[in-house]
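Participant: model the structure of this input:
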Amino acid sequence: FLSVWQQKDYNHALLILEKWLEKHPDDIAIRSLLSDAYLSIKRNKEAIASYHKLIQIAPEYAQGYNNLAILLQKENLKKAILLARKAHSLEKDNAYIMDTLASLLIANNQLDKASRLLQKAVISAPQIVEIQYHYAELLIKQKDYKKARLVLKSIIQKSSASQMQTKAQALLTTLKTQRK
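Facilitator: Predicted coordinates for the structure are as follows:
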């Protein structure tokens, strides 16, 4: 699988995993790999179906719920929140899961709950600049521009010459007109 995937022959690589799962339908590792592979190449319908199967055979696999929540957020926000909450209940200290749940809560206008989660995620994983960026976006929604500026400046310092640095710089530039 891996060598075929690295050659970007995605259909063939996926076929290898699908054929394996026909003979071994309860193989959690391969089901997870297939689900993640579908997600990475944006084959969302297949990813959704595969993650559903994954959480059926591995109901304690938090990342499966988390990734399914990400995939469903646009079509069914309430279900996505439920899935993200399930993921969070399974792995309370996982910063990525906290970030996903917080993002969904923001979309559902539950800013205070999202803020508590993102603060915890930022503290537990200060090296993950994407989570800090989401926290800065939330601070802007809450009109806490001073704190948002500090977070964005920190991101810019931590992530030299990266896409995240560019996004943080652009967002910081938009804050120049804000006083608070």
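Participant: need the helices for this structure, in chain order.
Facilitator: 2-6, 10-23, 28-40, 44-57, 62-72, 77-90, 95-107, 111-124, 129-141, 145-158, 163-174 (DSSP state H).
Participant: redo those as TSV? Include mean neighbour count and mean pLDDT.
Facilitator: For the C-beta atoms, the positions are set from N, CA and C on the backbone; glycine is no exception. Converted to TSV, the helices of the chain look like this (neighbours: other CB atoms under 10 Å; pLDDT from 0 to 100):
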stretch	mean neighbour count	mean pLDDT
helix 2-6	12	89
helix 10-23	14	96
helix 28-40	19	96
helix 44-57	18	97
helix 62-72	24	97
helix 77-90	19	98
helix 95-107	23	97
helix 111-124	17	96
helix 129-141	21	94
helix 145-158	18	92
helix 163-174	15	89
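Participant: wait, doesn't residue 136 sit right on residue 153?
Facilitator: No - applying CB atoms under 8 Å, one finds residue 136 not in contact with residue 153, separated by 9.6 Å.
Participant: contacting residues for residue 106?
Facilitator: By CB atoms under 8 Å, 6 or more residues apart in numbering, residue 106 lies in contact with 114, 137-138, 141.
Participant: I'd like the distance between it and residue 45.
Facilitator: Distance, residue 106 to residue 45, using CB to CB, to the nearest Å: 26 Å.
Participant: how near is the residue nearest in space to the middle of the chain to residue 63?
Facilitator: By CA atoms, centre = their mean, the chain has its centre lying nearest to residue 100, at 4.9 Å. Per CB to CB, residue 100 is found 10 Å from residue 63.
Participant: shared neighbours of the two, anything?
Facilitator: With CB under 8 Å, 6+ apart as the test, residue 100 and residue 63 both reach residue 87.
Participant: circling back: does the residue nearest to the centre of the chain really touch residue 68, like I thought?
Facilitator: No - counting by CB under 8 Å, residue 100 sits too far from residue 68 to count as a contact (10.2 Å).
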